[in-house]
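Chemist: Kindly generate the corresponding structure for this input.
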Amino acid sequence: METALRSRLRLRHIHCFLAIAQERSLGRAAEQLHLSQPAVSKTLVELESLAGVELVERGRHGARLTAAGEHFLRYAIDIEHALESAGAALSGEATPSPAPLEIGALPTVASGLVPDALVRLRALRPHAGVRLRTATNAVLLSALKSGELDFVIGRMAEPSAMQGLSFELLYAEPLVMAVRPRHPLLAAGTVSLPAVLAYPLIVAPAGTVPRLNTDAYFDAHALRVPSACVETLSVSVARLLARRSDAVWITPERAARDDIETRLLCALDLPMRGAEEPVGIIWRSAGDTSELAQTLAEILRTLAHEKPRTRGKRATGA
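Modeler: Just a heads-up that it's a prediction; the model follows:
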C-alpha cells in the first residue's frame, strides 16, 4: 500500500493541496494555480483516494482541513521547501540569498511590540530581510498552518484552530481607554463608565478578542457598547481619530503606549480589570525553526518582560 502510494503520488497533488490549505477555497486555489476549479477538485479527489482518507472538508463557507489534512500539511510544506532548495542548487547559485523571515502579527501587537523588536534584530542581523503580515488572529493562524509564515505573534484560539500549533505566552495585556489631551473627560475629575458613553467610541470589530473583552467589561457593569461606534482593526486610523476628536479609543494598552508616553494621548483613570488579553508566539508544532526566527523570538521574549521606558501616567485632568 505504501509503495503504491509513493509511486503514484505526484508533485501536482502536493501543489494542489498546499494551494487549498493556503486559500481555504477550491476556487481561489484554482486561481492561484491557474487551473479550473474542476481540475483542482479532481486532483484533490485523486490525492484523497491515494491516502484513503478525507483531507479537506468542502462546504458552503469554503474548504477546511480535516485532522488528517492538518497532519499531512506538515509534510507537504517540507516537500515544498525541499523543492525550493533543490531549485536554488540547480540554478547554479553558489551562495543563494537567505529567504526573508515571514512573520504575522495582530495589528495592535504590530504597532506595539514589533517595531522595537525589528530595530534590535536589524542591529544583530543587518542583512536579514523580514516580511510582516498583519491580519486577524484566524487569518494569521491559517497562514501559519499552510507554511506561509514562520511564526505568528497573536492570541490563543479555540482548540480546533490550534491543532498542529503551539502557543508560548509573552504577556497578558490590559485594555485602556485613550483620549486626546484636554478631552472633556479629563477635566471631570473622577471618570465613570456611563460618562464615557456620552462620547463616540472606537472599538475592535465584533468577533475579535479585544472586542469580546470590551463587551464583557461593559456587560459586567450592566452596560452595552453602543451600535453607533467606529469599529476598526487599524491602529493608525483609531489613534488619529482619537487625537482629532472627542472619541474614546478602547484598545490593548501596548497599541496606544507610544502615544501615551509622548503625551499625544492620555489614558483615562478607569482601570479595565478582567479585560486582560494573553499575547504570545504561535509556532507550528512540527518542522524546523530557522536561526533567524529563533533570534527574533528571543528578542520578543526580552522586550515582553522589559519595563516601559517612561510609562505615561493615567490622566485625571488637563
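
Chemist: Does residue 205 belong to a helix, a strand or coil?
Modeler: At residue 205 the chain is in coil, as set by DSSP: H, G, I helix; E, B strand; the rest coil.

Chemist: next one: the one 10 residues further on
Modeler: When the structure is split into helix, strand and coil by three-state DSSP, residue 215 lands in helix.

Chemist: My read is that it contacts residue 225, right?
Modeler: Yes. Counting by C-beta atoms under 8 Å, residue 225 is a contact partner of residue 215 at 5.9 Å. Where you see a C-beta, it was placed from the backbone N, CA and C, and this is true even at glycine.

Chemist: Can you list the low-confidence ranges for the stretch 1-150 of the chain?
Modeler: Scanning the stretch 1-150 of the chain with the threshold set as pLDDT under 70 gives 1-7, 88-89, 91-98.

Chemist: And for the stretch 201-318 of the chain?
Modeler: For the stretch 201-318 of the chain (pLDDT under 70), the answer is 275, 287, 307-318.

Chemist: ranges for the helices of it?
Modeler: 209-220, 235-244, 253-261, 291-304 (DSSP state H, counting those that start in this stretch).

Chemist: what's next to stretch 213-222, contact-wise?
Modeler: By C-beta atoms under 8 Å, 6 or more residues apart in numbering, the residues outside stretch 213-222 that reach it are 175, 193, 203, 204, 224, 225, 250, 272, 274, 275, 276, 277.

Chemist: quick one: which of those has the most company?
Modeler: residue 250 (28 neighbours; other C-beta atoms under 10 Å).

Chemist: Buried residues in the lengthiest helix in the chain, which are they?
Modeler: Using DSSP state H to define each element, the chain has its longest helix at helix 67-90. Residues 69, 70, 72, 73, 76, 77, 80 are the ones in helix 67-90 that count as buried (16 or more other C-beta atoms under 10 Å).

Chemist: now swap in stretch 205-212 and tell me
Modeler: 208, 209, 210, 211.
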